[in-house]
Structure formats: structure tokens, C-alpha cells
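**Q** model the following, please.
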Amino acid sequence: MPSPSDMHGKVALITGGGGGLGSATARKLALCGAALCLVDRDEAGLTKIRAELVENGADVLCIAADIASAERCKAVVDEAIAHFGRLDALCNVAAIFVPCHFAEMSTEQWERSMSVNLSAPAHLTQAALPQLIEHQGAVVNVTSCAAHIGQAYTVAYAATKAGLTHLTKSLAMEYMHTGVRFNAVAPGGMMTMLAAGMRDLQDPDPSLVSRYHPLRGLVEIDDVADMVAFLATDAASGYHGAVINIDKGITAG
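**A** Sure, this is the predicted structure:
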């Protein structure tokens with residue numbers, strides 16, 4: 001795994017920062033010296049991770065927010081810039097995962113999946129672009145192995161992650177002649193609260209679910225956080241429009 005570069009004097013905004021992969025990414029970037037803006041609906045989770053990071057010397061702003069609306073996304077970015085005076089990296093980690101039989105999925109579940117998993121990264125990126133272009137920064141989107149293979153019972157999640165993958169690639173092309181970099185990380189199953197939601201699925205067909213069981217086990221959260229943090233720093237200057245699979249071979253064949 002390549003080492004991330006020094007982030008002293010730079011600022012990273014991380015959604016989903018209250019726990020799981022988001023807080024793991026925050027720890028990695030704090031070690032690089034970055035000031036951090038952590039965004040999450042989980043205020044208790046934000047309080048906990050902030051105390052840990054501040055104790056270790058990090059400069060941390062926490063914003064308890066639901067990023068399902070375009071207005072709130074813009075407000076979050078504006079608050080981060082007002083507080084720190086700049087923004088150098090945007091890590092779109094937050095996501096919701098609603099495993100269910102598609103025929104039983106509610107309109108609200110579908111629309112919220114689209115809002116949080118796909119629209120929010122787009123709105124946050126749009127708001128952050130002037131700063132990211134000025135400072136030749138980076139956007140790192142967390143997609144999923146579900147973006148690359150059909151996956152039963154996760155239709156909304158897979159659709160949003162496929163969309164986020166192509167959002168990443170299309171923005172990489174559109175902003176080819178600027179210094180800002182767009183990349184994505186596509187993890188396989190990790191032991192997070194998102195993955196735990198699969199246990200609540202009622203009456204799944206075992207022959208379908210077994211197709212997505214990783215033969216080498218779950219992906220370590222820290223392995224994914226290492227890559228997200230690396231791509232957020234200048235050490236990843238050669239990466240633009242890349243989607244890095246970290247799935248222990250699920251999408252290999």
C-alpha cells in the first residue's frame with residue numbers, strides 16, 4: 001500500500017465520519033496532519049471520534065447533518081470553508097444500505113437511497129469544486145463491488161453505486177485540464193453497520209445470497225481507509241478517474 005503524503009495545512013471533509021469507514025478514514029488522514037471536517041447524522045458518533053482525534057492533536061470540526069438535500073450539502077461545505085479557510089479533499093463515504101425484496105421496497109427507501117448515496121456526493125462535489133480546483137485537491141468516492149456485478153436484494157444500493165462510479169469517471173473527464181483529481185474506491189463486504197443490515201433481510205434465496213459471499217472473508221475496514229486516505233493526498237497524483245477494487249476477488253470472475 002503506497003503511503004499518503006503530508007497533509008499539514010490542508011483540510012479534508014469526510015461524510016459518514018461518525019463511525020465505520022468514515023471514522024477510520026478520519027484517523028488515517030489525521031495521522032497525515034490534515035484538519036478534518038466530519039459530517040454524519042450520528043451526533044454521538046461524531047462526539048466520540050472527535051474526542052479521540054483531538055486528544056491525539058488533530059484539528060476537527062464536526063457537523064451533525066443529514067446530507068439528503070442539496071441545500072444541506074452546500075451548507076456543510078460552506079461551513080467547513082468558513083471554519084478552516086480552505087478545502088483540499090472531499091471523501092464521500094456516507095451511504096445507506098437497504099437490503100430487501102425489490103417488490104417490497106418503498107418509494108421513500110428508494111428515493112432516500114438515491115439522495116444519500118448518489119445525489120449527495122454530486123451536490124457536495126459541486127459546492128466544493130471552486131476550492132478543490134484552487135488547491136488542486138481531490139475527490140474520493142466510496143462505491144462498492146455492487147457497482148460492478150448484479151446483486152440480488154440490493155437493487156437501490158447497487159444502482160446508486162454504479163451511478164457514483166460513472167459520476168467519478170465523467171467528472172474526471174470533464175475536469176481533465178484542471179489539477180483536481182477524481183477517484184473511487186470499491187470495497188467488498190466489510191464488517192460495518194451497513195453490512196450488518198443484511199441480516200434483517202426476510203426469507204432470502206440462499207442460492208442467490210451465497211453468490212456474494214467472499215471466499216477469502218470480509219474486507220478489513222482499515223485496508224479500505226488506507227486507500228481512501230492515500231487517494232485524498234498528493235501522493236496519489238498519478239490517479240485520476242480510477243476505481244480501485246478492494247473486494248478479495250468477488251468481482252474477479
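**Q** can we go C-alpha only for contacts and neighbour counts from here?
**A** OK.
**Q** what's whichever helix or strand residue 27 is part of packed up against?
**A** Residue 27 belongs to helix 20-31 when assigned by DSSP states H and E. When contacts are defined as 3 or more C-alpha pairs under 8 Å, 6 or more residues apart in numbering; DSSP states H and E, helix 20-31 packs onto strand 11-15, strand 35-40, helix 43-55, helix 221-232.
**Q** deepest of those, which one?
**A** Stretch with highest mean neighbour count among the helices and strands packed on helix 20-31: strand 11-15 (a mean of 28; mean count of other C-alpha atoms under 10 Å).
**Q** then that one to CSV, C-alphas only?
**A** Only the C-alpha atoms of strand 11-15 are listed here, as CSV (Å, rounded to 0.1, in the frame of the first residue of the first chain):
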residue,chain,number,x,y,z
VAL,A,11,-8.3,20.2,5.1
ALA,A,12,-10.4,17.2,4.3
LEU,A,13,-14.2,16.8,4.6
ILE,A,14,-15.4,13.3,5.2
THR,A,15,-19.0,12.3,5.2
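**Q** how far does it sit from the chain's center?
**A** Taking the mean of its C-alpha atoms, strand 11-15 sits 10 Å from the chain's own mean (C-alpha atoms, centre = their mean, to the nearest Å).
**Q** which other helices and strands does the helix or strand where residue 182 lies contact?
**A** Using DSSP H and E, residue 182 falls within strand 181-187. Strand 181-187 sits against strand 138-142, helix 155-174, helix 221-232, strand 243-246, with contacts defined as 3+ C-alpha pairs under 8 Å, 6+ apart.
**Q** ok, and the closest non-adjacent residue to residue 186?
**A** Counting by C-alpha to C-alpha, 6 or more residues apart in numbering, the nearest residue to residue 186 once its immediate chain neighbours are dropped is residue 144, at 4.0 Å.
**Q** how many neighbours does the one you found have?
**A** When neighbours are defined as other C-alpha atoms under 10 Å, residue 144 has 26 of them.
**Q** surely it is in contact with residue 164?
**A** No - applying C-alpha atoms under 8 Å, one finds residue 144 not in contact with residue 164, separated by 9.4 Å.
**Q** picking up where we left off before, so which of the helices and strands packed on strand 181-187 is the most packed in?
**A** Ranked by mean neighbour count, these are led by strand 138-142 with a mean of 29 (mean count of other C-alpha under 10 Å).
**Q** contact partners of that strand?
**A** Here strand 138-142 makes contact (C-alpha atoms under 8 Å, 6 or more residues apart in numbering) with 88-93, 121, 125, 132, 164-165, 168, 180-187, 228, 231-233.
**Q** so how far is that strand off the chain centroid?
**A** 7 Å.
**Q** likewise stretch 40-50?
**A** Relative to the centre of its chain, stretch 40-50 is centred 16 Å away, using C-alpha atoms, centre = their mean.
**Q** quick one: contacts of that stretch?
**A** So stretch 40-50 is contacted by 15-19, 23, 38-39, 60-66, 94 (C-alpha under 8 Å, 6+ apart).
**Q** if you set the cut-off to 7 Å instead, what comes out?
**A** 15-19, 23, 60, 62-66 (C-alpha atoms under 7 Å, 6 or more residues apart in numbering).
**Q** follow-up on the earlier one: could the helices and strands packed on strand 181-187 go into TSV alongside mean pLDDT and distance to residue 51?
**A** Below are the helices and strands packed on strand 181-187 laid out as TSV (pLDDT from 0 to 100; distance: least, C-alpha to C-alpha, whole Å):
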stretch	mean pLDDT	distance to residue 51
strand 138-142	98	25
helix 155-174	97	32
helix 221-232	96	20
strand 243-246	95	30
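**Q** what's the closest of those to residue 200?
**A** Closest of those to residue 200 is helix 155-174, at 15.6 Å (criterion: C-alpha to C-alpha).
**Q** show me what the closest one is packed up against.
**A** helix 107-114, strand 181-187 (3 or more C-alpha pairs under 7 Å, 6 or more residues apart in numbering; DSSP states H and E).
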